[in-house]
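# here's a sequence, model it:
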Amino acid sequence: MPILQDFRFVLDDFVDRLRAALPALVAPNAPATPIAPPTIEEQHRVLAEMTGYLNNFDPAAADCLEANRRVFLALLGEVSLTAFERDIGEFALAEAMARLREATPPRKGGMPS
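Numbers count the residues shown, from 1 in each chain. Next up is the predicted model:
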């Protein structure tokens, strides 16, 4: 089909020009800088802060998530973090709290409430 071939040619040309115009996301062969995992104390502090926001249905939970994304990624993993972020963005804070409780291991004295 000539129309599809023409479209592919135009699209390939556009993609090539776009790639050339945009900076590379990661420099080739650049060593990745390892990110230190959060300490237990940092995890507990962030969990207590987030729990307070979620229990009070406080929109500041979104700011807490953004400021502590590294901690939540370590606690929840990529898939659960995406769902947790969606819950907070949709202001489904009770669901976010349930997800956080499910994903974090219990500790002495339990999770802050």
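
# from what I can see residue 74 touches residue 37, true?
Yes - assessed by C-beta atoms under 8 Å, residue 74 is found in contact with residue 37 at 5.6 Å. Glycine gets a C-beta too; all of them are placed from N, C-alpha and C.

# who has more neighbours, the two?
Each of residue 74 and residue 37 has its neighbours counted (other C-beta atoms under 10 Å); residue 74 has more, 16 against 12.

# contact partners for the more buried one?
Residue 74 makes contacts with 37, 38, 43, as judged by C-beta atoms under 8 Å, 6 or more residues apart in numbering.

# let's see the pLDDT reported for residue 65.
We have a pLDDT of 95 for residue 65.

# so which residues of the protein form helices?
2-21, 40-55, 60-67, 69-89, 93-103 (DSSP state H).

# close enough to count as contact, residue 83 and residue 102?
No - in this structure, residue 83 is not within contact of residue 102 by C-beta under 8 Å, at 10.4 Å.

# of these two, give the one with the bigger neighbour count.
Higher neighbour count among residue 83 and residue 102: residue 83, with 14 against 9, using other C-beta under 10 Å.

# how close does the more buried one get to residue 103?
9 Å (C-beta to C-beta, to the nearest Å).
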